[in-house]
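# sequence plus predicted model, see below.
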Amino acid sequence: MKRRYKTVEIVESGSGYGISLDGKPMRTPAGNRFEVRQRPLAEAIAEEWRAQQDKVDPHTMPMTRFVATALDRIAVERDRIARDLAAFAETDLLCHRADRPEELIERQRQGWQPLLDWAVEALGARFEIATGVMPLNQPEATLAAIRARIDDLDDLELAGVQTLAGGTGSIVLAFAVFLGRIGWEEAHRLSRLDEDHQIERWGEDPEAAERRIAVHADLGDAARLLSLVRVRH
């Protein structure tokens, strides 16, 4: 849409921080009050709106999009979204290993196994692994532990972790970033071990390269959101 506002301000209330455009409180697309609890997050959102030129481009406003999603969709469909996110534990990327070649097997072992070991202590989740196309059922206790950790997230945290898991194919990588075990760049690299191995052998096609760039950007945005959410004042 065309930019029709001139000023962007942060408005503090007893419950958090809102954004006003030319003195009018901003609302989400569904009409909900646009407000967050963390001032640094509100400042980041205000900067996104100030940076718009003649037209407002939502693609350049990731923090705004995350908050709107949390307020309009996650708050309403939280249980379904939490179930979908928990389902990543059933097919987690880190648990499905190659059976050849040896070089890829070793890359996966060195990159992925330390995080599965970490998940036992940090998440209370002991994951099984399989090689090749073997089917794999994770222990019920593992699935329950992951669902419990997801239920502990607030709506904005859930939005960020959901994006991390969707971009990497791994709930373990998502929580490893959220809890500070690894950075998002490392999570992106680890999620691409198989793909990078194929690129080394056969090269990369343009469409795959575009998808990689898009996922890289999404992971960076999600990590930034989570860093801002952790700051309460």
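Thanks, I have the structure now.
# and the longest helix along the chain, which residues are buried?
Across the chain, the helix with the greatest residue count (assigned by DSSP state H) is helix 206-229. Residues of helix 206-229 classed as buried: 212, 215-216, 218-229 (neighbour count, 16 or more other Cβ atoms under 10 Å). In short, each C-beta sits where N, CA and C put it, glycine included.
# touching that helix from outside, list them.
38, 40-41, 44, 62-63, 66, 154, 156-157, 159-161, 163-164, 166-168, 177-178, 183-185, 187-188, 192, 195, 204 (Cβ atoms under 8 Å, 6 or more residues apart in numbering).
# any idea of the mean pLDDT for it?
Helix 206-229 shows a mean pLDDT of 96.
# thinking again about what came up before, quick check, nearest of the buried residues of helix 206-229 to Leu94?
Leu219 (15.9 Å; Cβ to Cβ).
# how near is the closest one to Thr163?
7 Å (Cβ to Cβ, to the nearest Å).
# one more: Ala145?
Per Cβ to Cβ, Ala145 is found 21 Å from Thr163.
# which one of the two is surrounded by more residues?
A side-by-side neighbour count of Ala145 and Thr163, using other Cβ atoms under 10 Å, places Thr163 first with 22 against 18.
# check which helices and strands the strand or helix carrying Gly166 sits against.
For Gly166, the element it lies in under DSSP states H and E is helix 155-168. Secondary-structure packing of helix 155-168 (3 or more Cβ pairs under 8 Å, 6 or more residues apart in numbering; DSSP states H and E): helix 62-69, helix 75-86, helix 171-178, helix 184-191, helix 206-229.
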